[in-house]
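>>> Fold the stuff below for me.
(2 chains)
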Amino acid sequence: MTDQPQTPQGYQQLAGAPPKGIPAGLWEKCPKCRAMLYVKELERNLRVCPTCQHHFRLSPSERIAQMTDNGSFHEIDADMTSGNPLDFPDYLEKLAGDVAKTGRNEGFLYGDALIGEVPVVYGMADFAFRGGSMGSVYGEKVARALERGATLQRPVVLVCASGGARMQEGIVSLMQMAKTAAACERLKAAGQLYLVIMSDPTWAGVLASFASLGDIIIAEPAAGIGFAGPRVIEQNLKIKLPPGSHTAEFQLAHGMIDMVVPRRELRATVSKLLAYLSPAAQPDANETLILPLAG
Amino acid sequence: MISTSRWLPFEKPLQEIEEQIKQLEELAASRGIDRSEKIAELRAKHTELSQQIFSNLSAWDKTLLARHPNRPYTLDYLKLVFDDFIEIHGDRRFGDDPAIVAGVGRLDGQTVMVIGHQKGRDVKERQFRNFGSARPEGYRKAMRVMELAERSGVPVVSFVDTPAAEARMEAEERGISESIASSMALMSRLRTPIYVVVVGEGGSGGALAISVGDHLAMLEHSIYSIMPPEGCAAILDTFGRDGSRGFEAAEALKLTAQDNLQLGIVDEVIPEPLGGAHRRAVDTAQLIKASMLRVLPKLRRKPIEELLEERYAKYRKIGQFAE
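As a prediction, this is how the structure comes out:
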């Protein structure tokens, strides 16, 4: 499990200092192509760089606004907070810092929502909180989201952004992988649809548990996706990885995900899949499905 | 038999006494000098010192013990625990992974399906076994065996001993993450009892992939951890991002069998003979077997729906939070 192989990049931080004379907050630099972007325009473009199509990381509020029907999202268990099960040094201080930084109690949130008028359970990670790492609260919320879908007979849509399992909760974090994987099976046993959206990055303990168990897995373009981060592998194994490995496109080519979808098409794709596939959308089980005859 | 020629730093005082005993025995054999009294005295001292050392091991000492090159591995235990074992191979999709062994075992006259990580003893075998780091095909082979156990109505017994799952490119290409996730998912709903024992290193997701079950036991000096302590020290500011501070991270990670029992992760700690499993493999195997024979009948007697509910609840309740 990696804690944070790469420099965590808060979504609300500026990627670079604005040029002299330009007020901070109005312009943002694309971390990929270095173009200076007018923030309002960047936001209109769903925080995708108009120059190079780099997909900026999104905050949960942006994920909610971009995916769900207006005003339909209602968060559940927002007050849940982490303990320090191992009495790990510095952990509570680090948590407090991230609470102050993000204004949220933890790195995962979920709730009821409508996507294209289909009632779903919608959950998402906040990468700015401990690198989206999965500890007790995160694992508990993922499990509850999946169980809620099973109980209420609603599809579950989860957006991943994570460096892996959270180091400071040690073995307790690791076990969240088993907990969430078991909850995925409960949702499937209830006959419900489970959609996963992998955003940048989806690593390690999250990828090797609930994220890889989606009925359909969608990734955002160029998202980093892998069991171990390329840098971790290169350092530990002293090997050089080919460019483009451990990305959404790499995982698509190797059959591990279903599609790479640009952000501007994400909501429409998810809405269609929900409308076409969710059990609630199917004709009554007692009615015979009549197919038009060919010719 | 396993040699005991390699010594860990904290075993040094024991090594000295053993060398003294050996010298005296050789003296007795070659020149007929009877030093049996002195030898008995040294043996008593050895036992006393062993008790003292082994009851005060640090988390780092245990990490070294869990990785001891002479520690019995899965195949050693299979010979010692089971009346018979028929190994099967391959995932029917890509290949056979020697880092995971799987097959049909007979435990005291009853059939069990067996899976386990396998490390190598010498340089050649270590490479062949990939140091016990399983690839996707290893986990997929394990899943085949689990499904066969379910159909055959026999329990699954899993031996855990891996530094971590394989992370190299070829493992990534074949879906190491998916194989781990699917294996855990399958184990969470498998309609037959699952007994798991961590015999050496319980290394991260690679260990967890075959350790979801109804009863989780750990040998006294085994470890179970989210990450190797050196790796944890190397990436956290808490340890100055200094891999050489693994001994500090080992403490903080609470990775010993005793810590895992206290945290409610495991159900049982199986004691090891004095001096550790690597000193007395046969006795260790008997202790593992005794645990299996005690636990498995209880699990088999439970109605399957009850067993599955309890298994789900067992993982469901792990975690500490306030709401």
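>>> Look at the residue positioned nearest the centre of chain B and tell me its secondary structure.
Chain B has B:Val199 as the residue nearest its centroid, 1.9 Å off, counting by CA atoms, centre = their mean. Following DSSP: H, G, I helix; E, B strand; the rest coil, the label given to B:Val199 is strand.
>>> One more: B:Ser211?
Applying three-state DSSP: B:Ser211 is coil.
>>> In contact with it, which residues?
Residues in contact with B:Ser211 (CB atoms under 8 Å, 6 or more residues apart in numbering or on different chains) are B:Ser158, B:Val160, B:Val196, B:Val198, B:Gly202. Placement of C-beta: from N, CA and C, glycine included.
>>> Now do it against B:Thr74, distance only.
To B:Thr74, B:Ser211 is 13 Å away according to CB to CB, to the nearest Å.
>>> before we move on, what about A:Leu237?
Taking CB to CB, one finds A:Leu237 at 24 Å from B:Thr74.
>>> ok, the two, which is more surrounded?
For A:Leu237 versus B:Thr74, the count of surrounding residues by other CB atoms under 10 Å in any protein chain shown is larger for B:Thr74: 25 against 14.
>>> Show me where chain A has its strands.
Taking DSSP state E, the strands of chain A run over residues A:27-29, A:36-38, A:74-76, A:81-82, A:108-115, A:118-125, A:156-162, A:194-203, A:216-219, A:225-226, A:259-260.
>>> Run through the residues that contact the residue lying closest to B:Ala185 once chain neighbours are set aside.
Spatial nearest neighbour of B:Ala185, excluding adjacent residues (CB to CB, 6 or more residues apart in numbering or on different chains): A:Ala181 at 4.5 Å. Neighbouring residues of A:Ala181 by CB under 8 Å, 6+ apart: A:Ser209, A:Phe210, A:Leu213, B:Ala181, B:Met184, B:Ala185, B:Ser188, B:Val212.
>>> Over to A:Ile171?
A:Leu86, B:Tyr224, B:Ser225, B:Ile226, B:Leu253, B:Lys254, B:Leu255, B:Asn260, B:Leu263, B:Ile265.
>>> would you turn those into JSON lines with pLDDT, secondary structure and neighbour count?
Output for the contacts of A:Ile171, formatted as JSON lines (pLDDT from 0 to 100; DSSP: H, G, I helix; E, B strand; the rest coil; neighbours: other CB atoms under 10 Å in any protein chain shown):
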{"residue": "A:Leu86", "pLDDT": "97", "secondary structure": "coil", "neighbour count": "23"}
{"residue": "B:Tyr224", "pLDDT": "98", "secondary structure": "strand", "neighbour count": "30"}
{"residue": "B:Ser225", "pLDDT": "97", "secondary structure": "strand", "neighbour count": "29"}
{"residue": "B:Ile226", "pLDDT": "96", "secondary structure": "coil", "neighbour count": "33"}
{"residue": "B:Leu253", "pLDDT": "97", "secondary structure": "helix", "neighbour count": "28"}
{"residue": "B:Lys254", "pLDDT": "97", "secondary structure": "coil", "neighbour count": "25"}
{"residue": "B:Leu255", "pLDDT": "97", "secondary structure": "coil", "neighbour count": "30"}
{"residue": "B:Asn260", "pLDDT": "98", "secondary structure": "helix", "neighbour count": "24"}
{"residue": "B:Leu263", "pLDDT": "96", "secondary structure": "coil", "neighbour count": "18"}
{"residue": "B:Ile265", "pLDDT": "97", "secondary structure": "coil", "neighbour count": "22"}
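>>> In JSON lines: those residues, plus distance to B:Pro98.
Putting the contacts of A:Ile171 into JSON lines (distance: CB to CB, whole Å) gives the following:
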{"residue": "A:Leu86", "distance to B:Pro98": "34"}
{"residue": "B:Tyr224", "distance to B:Pro98": "23"}
{"residue": "B:Ser225", "distance to B:Pro98": "24"}
{"residue": "B:Ile226", "distance to B:Pro98": "26"}
{"residue": "B:Leu253", "distance to B:Pro98": "29"}
{"residue": "B:Lys254", "distance to B:Pro98": "32"}
{"residue": "B:Leu255", "distance to B:Pro98": "26"}
{"residue": "B:Asn260", "distance to B:Pro98": "28"}
{"residue": "B:Leu263", "distance to B:Pro98": "33"}
{"residue": "B:Ile265", "distance to B:Pro98": "29"}
